[in-house]
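In: I need the structure of the sequence given here:
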Amino acid sequence: MNIIANQLPPFDVLDPKNNIQTLEQTLADAKQRIDTLAAQSTPTWESLMLPLAEIDESISRLWSPVSHLHSVCDTESIRPVYEQGVQIMTQWGTWIAGHQDLFKAIQALSQSASFKDLSEPQQTAITNTLRDFKLAGSALEGADKKRFAEIKMRLAELGTLFSQHVLDATQAFTLHIEDKNKLAGLPESAIDAAAQRAQDDGNQGYLFTLDIPSYLPLMQYLDDSNIRETMYKAYVTRASEGELDNTPVIEETLKLRKEMAQLLGFDSYADYSLADKMASSVDEVSSFLRDLAHKSKKMAKKDLKELRNFAENTLNMQKLEAWDIPYASEKLRQEKYAISQDELKPWFPESYVKQGMFTLAEKLYGIQIVPADSPVWHENVCYYDVLDKQGNKKAGFYLDPYARKGKRGGAWMDEALVSWRFADNTLQHPVAYLVCNFDAPVGNKPALWTHDEVITLFHEFGHGLHHMMTAVDVREVSGINGVPWDAVELPSQFMENFCWEREVLDLFAKHYETGEPLPQAMFEKMTAAKNFQSAMQMLRQIEFSLFDLLLHTDFDPEGEQTVQDKLDEIRAEVSVLTPPSFNKFQNSFSHIFAGGYAAGYFSYKWAEVLSADAYAAFEEASLGKSIINTEVASQFLDEVLSRGGSRDMMQSYQSFRGKAPTVDALLKHNGIQTN
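Out: The predicted model follows:
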């Protein structure tokens with residue numbers, strides 16, 4: 001395959017079937033080339049690692065667009081092609097991991113006299129590659145090697161199956177309401193969006209789905225408890241019944257993960273997972289999570305007591321049911337702070353929000369973000385170039401903001417192109433996919449987003465900046481490549497903090513009709529409500545993290561205890577709220593069963609400590625000055641963002657901050673008092 005640097009995917013003419021056919025031939029050719037590369041007597045960076053990077057690039061150019069299309073516009077025609085691609089790519093990964101001669105060639109390079117003359121990124125790339133070889137089973141032999149390959153293949157199939165079950169179950173449920181009187185309490189923006197969905201579906205009335213932009217406003221605002229109950233039960237039982245039941249998928253996944261880890265000599269899958277992360281042991285992670293839970297629980301109990309008293313005495317609820325909690329919480333928030341997410345939406349129109357976010361990045365890092373032409377996969381997708389101070393192209397990104405049928409839920413950043421220097425010295429610029437699931441424009445109104453959605457957009461843009469602002473030209477460790485999983489959320493969570501600054505909000509928080517800035521009174525209410533029930537939210541994330549960690553540590557998939565039993569055990573330890581028994585949260589927990597966070601969901605909290613402490617550097621420097629501190633931003637860029645995975649992440653962090661991180665800034669930012 002002839003690789004042209006900086007060539008974007010041709011989404012206007014791309015045929016996934018052709019890509020997969022070409023991929024099979026490309027991999028066949030790559031195998032022959034790798035056999036030749038591995039036979040070298042004295043491998044060098046130029047003779048071994050650069051050709052391997054070229055092979056990786058050629059494969060990515062074919063597979064990445066297909067994988068991306070499966071996530072953003074899944075169809076009956078794309079799905080089988082994607083599934084075929086998953087099998088092919090899993091077989092390829094297994095073949096690479098089992099190539100002893102290639103492993104020995106890279107090992108010989110690491111032990112050669114020339115190794116010390118390589119750059120730090122090059123040395124790190126080689127060291128990481130050897131580690132990954134071992135984690136991929138390269139040291140196994142005979143029956144163990146064969147079994148490991150079988151497990152990897154099956155786990156890939158199970159991950160795809162889990163994700164498809166969740167998507168299909170989510171889209172299988174709709175609630176059609178014809179009588180507008182039943183929508184009492186629901187904001188007009190949510191009613192308009194429901195009417196638009198019904199119209200798009202060829203119906204009159206109002207259509208509600210389990211996609212978050214539809215589901216969440218209904219749960220927060222709709223007065224009718226029976227409808228909320230219907231929606232809640234549908235949401236929390238997704239992929240738990242019939243042909244879409246993920247229970248057997250989870251059970252088989254856990255058995256295979258445990259077996260795979262033990263084949264490699266690890267006590268548990270969690271130990272295996274931590275082998276390439278910042279955290280050093282299961283005990284360190286569980287102690288970290290339990291310490292946070294202990295420091296948050298007193299305040300969480302206080303918040304829950306307040307909510308129950310309010311529900312009983314003000315809302316006349318005899319019992320606070322699970323489907324009442326978002327509704328009662330929103331009512332309490334409004335009573336305490338006289339502000340709601342829906343009230344804020346007119347001040348967060350899409351065009352202002354995007355431009356304000358771009359302006360912030362331009363001020364912080366001395367870049368320019370400009371719209372550019374590129375084929376896209378949907379009419380609502382935009383493409384942008386990122387330019388340096390001299391106006392030269394530095395990076396690019398796609399932005400796909402709206403929820404739609406066939407699009408996976410949630411929000412994420414992924415790689416379209418990776419930054420690295422080709423053998424002919426051509427530098428490829430990084431390009432990112434930024435994907436969200438927000439409401440689209442309704443009628444003649446622009447897309448109006450909640451402040452929570454603005455925070456989500458900033459989060460994903462933070463991931464994008466990590467990928468795009470890299471100064472590393474070694475493919476294996478540029479951008480987010482080579483970054484430990486429990487540190488990869490640092491730049492994204494760091495960016496969220498700016499959404500609470502008056503100075504930053506003034507860049508984009510403007511009324512969509514008048515252009516007037518967000519009133520100071522609303523800003524003060526919004527910031528006062530920032531940490532509403534934050535301790536309860538903290539415990540919720542710790543519950544998910546501990547469940548994931550211990551499910552992959554001391555849970556026996558073939559024992560008497562069920563996955564539900566394990567979840568109940570964790571809830572009894574750290575939670576203050578217990579969902580009803582029919583809640584099957586785990587059956588749609590895609591992060592750990594289909595999304596790469598297995599035994600790593602704690603990474604969100606781990607990185608949140610880093611991000612809060614990093615943002616504290618801006619707060620400390622901004623006393624009496626602008627929070628948009630270019631000097632501190634330059635240090636953050638130089639020591640963290642631009643370094644990618646080219647050196648130890650804690651070294652990068654401490655080079656920026658001058659000290660190790662502590663949980664103090666995180667607790668402070670969440671308004672959690674521990675005394």
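In: Can you give me the first-to-last residue distance of stretch 234-250?
Out: Distance between the two ends of stretch 234-250: 20 Å, counting by Cα to Cα, to the nearest Å.
In: Off-centre distance for it?
Out: With Cα atoms, centre = their mean, to the nearest Å as the basis, stretch 234-250 stands 22 Å off its chain's centre.
In: contact partners of that stretch?
Out: Contact with stretch 234-250 is made by 158, 161-162, 165-166, 168-170, 172-173, 175, 210, 215, 322, 563, 579, 582-588, 593, as judged by Cβ atoms under 8 Å, 6 or more residues apart in numbering. No exception for glycine: its C-beta is placed from N, CA and C like everyone else's.
In: buried stuff in that stretch?
Out: Residues of stretch 234-250 classed as buried by neighbour count (16 or more other Cβ atoms under 10 Å): 234-240, 244-247, 249-250.
In: quick one on the thing from earlier: check the contacts of stretch 234-250 for burial and list the buried ones.
Out: Counted by 16+ other Cβ under 10 Å, those give 158, 161-162, 165-166, 169-170, 173, 175, 210, 215, 322, 563, 579, 583-588, 593 as buried.
In: Restricted to helices, list the residues you listed.
Out: In helices, defined here by DSSP state H, the members of the buried ones among the contacts of stretch 234-250 are L158, L161, F162, H165, V166, A169, T170, Y215, V563, F593.
In: For the residue nearest to the spatial centre of the chain, give me its contacts.
Out: Residue closest to the average C-alpha location in the chain (Cα atoms, centre = their mean): W412, at 4.6 Å. Neighbouring residues of W412 by Cβ under 8 Å, 6+ apart: S71, Y433, V435, E460, H463.
In: Can you lay out the residues you listed as JSON lines showing neighbour count?
Out: Below are these laid out as JSON lines (neighbours: other Cβ atoms under 10 Å):
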{"residue": "S71", "neighbour count": "20"}
{"residue": "Y433", "neighbour count": "24"}
{"residue": "V435", "neighbour count": "22"}
{"residue": "E460", "neighbour count": "24"}
{"residue": "H463", "neighbour count": "24"}
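In: Closest one to L364 out of these, please.
Out: H463 (15.5 Å; Cβ to Cβ).
In: Quick check: that closest one touching P491?
Out: Yes - H463 is within contact range of P491, at 6.5 Å (criterion: Cβ atoms under 8 Å).
In: Poorly predicted segments of this structure, please.
Out: Scanning the chain with the threshold set as pLDDT under 70 gives 1, 675.
In: Can you give me the end-to-end span of stretch 309-326?
Out: Terminal-residue distance, stretch 309-326 (Cα to Cα): 15 Å.
In: residues making contact with that stretch?
Out: Contacts of stretch 309-326 (Cβ under 8 Å, 6+ apart): 216, 219-220, 225, 228-229, 231-233, 236, 307-308, 328, 331-332, 335, 577, 579-580, 583.
In: Now that stretch: buried residues?
Out: F310, A311, M317, L320, E321, A322, W323, D324, I325, P326.
In: The fourth one and S329: what is the separation?
Out: The reference is to L320. According to Cβ to Cβ, to the nearest Å, L320 and S329 sit 10 Å apart.
In: Pull up the pairing partners for whichever strand in the chain runs longest, direction included.
Out: Longest strand in the chain by number of residues (criterion: DSSP state E): strand 393-402. Here strand 393-402 is paired, per DSSP bridges, with strand 382-387 (antiparallel), strand 431-438 (parallel).
In: And those: which comes nearest R33?
Out: Short answer: strand 431-438, nearest of these by Cβ to Cβ, at 25.7 Å.
In: From the chain's centroid, how far away is that closest one?
Out: For strand 431-438, the distance to the chain centre is 10 Å (Cα atoms, centre = their mean).
In: Using CSV, write out every CA atom in it.
Out: Output in CSV follows, covering the C-alpha atoms of strand 431-438 (Å, rounded to 0.1, in the frame of the first residue of the first chain):
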residue,chain,number,x,y,z
VAL,A,431,-5.9,14.4,13.2
ALA,A,432,-8.6,13.5,15.7
TYR,A,433,-12.2,12.4,15.7
LEU,A,434,-14.3,14.3,18.4
VAL,A,435,-17.7,12.7,18.8
CYS,A,436,-20.6,13.7,21.1
ASN,A,437,-24.3,13.0,21.4
PHE,A,438,-26.1,16.3,21.9
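In: Tell me the helix or strand right after that strand.
Out: Remark: after strand 431-438, the chain's next helix or strand is helix 451-468, criterion DSSP states H and E.
In: Give me the angle between that following helix and strand 431-438.
Out: 170 degrees (axes from the mean of the first three to the mean of the last three Cα atoms, to 10 degrees).
In: what comes up buried for helix 451-468?
Out: 451, 453-468.
In: One more: stretch 219-230?
Out: For stretch 219-230, by 16+ other Cβ under 10 Å, it's M219, Q220, Y221, L222, D224, I227, R228, T230.
In: do stretch 44-52 as well
Out: Buried residues in stretch 44-52 (16+ other Cβ under 10 Å): W45, L48, M49, L50, P51, L52.
In: Would you check how far apart L518 and I339 are?
Out: 11 Å.
In: I meant to write S268 there.
Out: For S268 relative to I339 (Cβ to Cβ), the value is 45 Å.
In: just H176 next, same as before
Out: 32 Å.
In: now swap in L307 and tell me
Out: 17 Å.
In: Also M299?
Out: 21 Å.
In: Counting neighbours, what do you get for Q199?
Out: Counted with other Cβ atoms under 10 Å, the neighbours of Q199 add up to 14.
In: How about G645?
Out: Neighbour number of G645 under other Cβ under 10 Å is 26.
In: Torsion angles phi and psi at it?
Out: Dihedral pair for G645: phi -100, psi 30, per degrees, to the nearest 10.
In: cool, L417 as well?
Out: phi -130, psi 140.
In: gap between it and D506?
Out: 34 Å.
In: the more surrounded of these two?
Out: L417 (23 against 13).
In: Touching, that one and Y433? I think so.
Out: No - between L417 and Y433 there is no contact under Cβ under 8 Å: 10.1 Å.
In: Would you mind listing the residues touching both of those two?
Out: Counting by Cβ under 8 Å, 6+ apart, nothing touches both L417 and Y433.
In: got the residue ranges for the helices in the stretch 51-200 of the chain?
Out: 78-97, 100-110, 120-135, 142-172, 188-200 (DSSP state H, counting those that start in this stretch).
In: quick one, which of those is nearest to F636?
Out: helix 120-135 (19.0 Å).
In: Point out the other helices and strands that that closest one packs with.
Out: Other helices and strands packing on helix 120-135, by 3 or more Cβ pairs under 8 Å, 6 or more residues apart in numbering; DSSP states H and E, are helix 100-110.
In: how about the helix it packs on as CSV, C-alpha atoms only?
Out: Below are the C-alpha coordinates for helix 100-110, written out as CSV (Å, rounded to 0.1, in the frame of the first residue of the first chain):
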residue,chain,number,x,y,z
GLN,A,100,9.5,-14.8,18.2
ASP,A,101,12.1,-13.6,15.7
LEU,A,102,10.6,-10.1,15.6
PHE,A,103,10.6,-10.0,19.4
LYS,A,104,14.2,-11.1,19.4
ALA,A,105,15.1,-8.5,16.8
ILE,A,106,13.6,-5.7,18.8
GLN,A,107,15.2,-7.1,22.0
ALA,A,108,18.6,-7.1,20.2
LEU,A,109,18.1,-3.5,19.2
SER,A,110,17.4,-2.6,22.9
